[in-house]
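Chemist: Generate coordinates for the sequence data below:
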Amino acid sequence: MYRNLVFIIVTLCIFVSPLGAQDPGTAVKKTEPAKAPATESAVSKKSAPAEISETSALFTKLKDTGRTGIALLLISIAALTFMLERLVNLRRSRISPKGLFESADTLWEAKDYDGILKLCANKKSALSKVLVEIVMQRSRKLEIVSMLAGDVASREIRHHLQRAYPLAVCATISPLLGLFGTIVGMIGAFETVAVAGEMGDPSLMAGDIAFALITTAIGLVIAVPSLAAYHFFKVRTTIYALNLEELAGNTVTRWFPAETQTDKA
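Modeler: Numbers count the residues shown, from 1 in each chain. Coordinates of the predicted model:
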């Protein structure tokens, strides 16, 4: 649980820190025109925007980027949502809870098959579905029981892998969308220079260039943690899958010892 909290905090820091690092540029841009001698009223007017700039800088930058920024914001919210969903649902207790196999094994020795079904119904997990399948197919041959149990385990693991795949989609789309914003911003910058002519002020294109750079930065800020989270959950799912397959194999071998020995002979 503590590792999950640390992962959430680190992810939020990665999302926010690059945007917060651009605040000084915004503050300088606002204070440059003020070259007149400072008075008490001027100082009071400067202090209020300085306090607001830190909290509203992100929303101001996203507003300046237009529809591209809004799309990137939605993608970041979606990526964070999928991260939280995987942190909550991709746990060992959802795959192979501790003590479930031991409790089911005790009931199997007592031939209390209904008790195993009730136990698995109370502890919903991938392992419980495998145990239910074994109990329901116990009258069939060992090969069929083993195959059906393996199919259930594989299906559950594929389900968890598919739930992490949207993070890879967010990691792929966000930099491309940021690049699209960069291209649009640079087109606008060159159009501004073309309209202004040779004697135009080069600072006129600063806004379009800033738009281009901000969208690229936001796209990368979303892509890096999303891709890292995708591989993190993929590796974790693989580890749980190996554990689940081992438990399923041990269950079939232990619950059907006579047929196992016959096959070996």
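Chemist: Quick check: the gap between L177 and I183.
Modeler: 11 Å (Cβ to Cβ, to the nearest Å). Heads up, the C-betas are built off the backbone N, CA and C, glycines and all.
Chemist: okay, those two: which has more neighbours?
Modeler: For L177 versus I183, the count of surrounding residues by other Cβ atoms under 10 Å is larger for L177: 21 against 13.
Chemist: does the more buried one sit in a helix, a strand or a coil?
Modeler: Assigned with DSSP: H, G, I helix; E, B strand; the rest coil, L177 falls in the helix class.
Chemist: Now for the closest residue to M186 other than its chain neighbours, how many residues are close by?
Modeler: Leaving aside its chain neighbours, M186 sits nearest to A212 (5.2 Å; criterion: Cβ to Cβ, 6 or more residues apart in numbering). Using other Cβ under 10 Å, A212 has 23 neighbouring residues.
Chemist: residue contacts, A212?
Modeler: A212 sits next to 181-186, 189 when contact means Cβ atoms under 8 Å, 6 or more residues apart in numbering.
Chemist: what helix or strand does it sit in?
Modeler: Assessed by DSSP states H and E, A212 sits inside helix 206-255.
Chemist: Show the average pLDDT along stretch 86-103.
Modeler: The average pLDDT for stretch 86-103 rounds to 91.
Chemist: could we number from 55 for the rest of this?
Modeler: In the new count, where the first residue is 55, that last one comes out as stretch 140-157.
Chemist: Only the buried residues of it, if you could.
Modeler: 140-141, 144, 148-151, 154-155, 157 (16 or more other Cβ atoms under 10 Å).
Chemist: could the residues you listed go into CSV alongside distance to H285?
Modeler: Output for those, formatted as CSV (distance: Cβ to Cβ, whole Å):
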residue, distance to H285
R140, 12
L141, 15
L144, 13
R148, 20
I149, 18
S150, 22
P151, 25
L154, 29
F155, 29
S157, 34
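Chemist: Dump the residues you listed to TSV, plus secondary structure.
Modeler: Formatted as TSV, those follow (three-state DSSP):
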residue	secondary structure
R140	helix
L141	helix
L144	coil
R148	helix
I149	helix
S150	coil
P151	coil
L154	helix
F155	helix
S157	helix
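Chemist: Name the nearest of those residues relative to G303.
Modeler: Comparing these against G303 with Cβ to Cβ places F155 closest, at 11.7 Å.
Chemist: thought that closest one was touching E300?
Modeler: No - checked against Cβ atoms under 8 Å, the pair F155 and E300 is beyond contact range at 10.5 Å.
Chemist: residues contacting V186?
Modeler: Contacts of V186 (Cβ under 8 Å, 6+ apart): 170-171, 174.
Chemist: and it, what helix or strand is that in?
Modeler: Element membership for V186, per DSSP H and E: helix 180-190.
Chemist: which of the residues in that helix are buried?
Modeler: Applying a neighbour-count criterion of 16+ other Cβ under 10 Å, the buried positions in helix 180-190 are 180-189.
Chemist: Thank you, goodbye.
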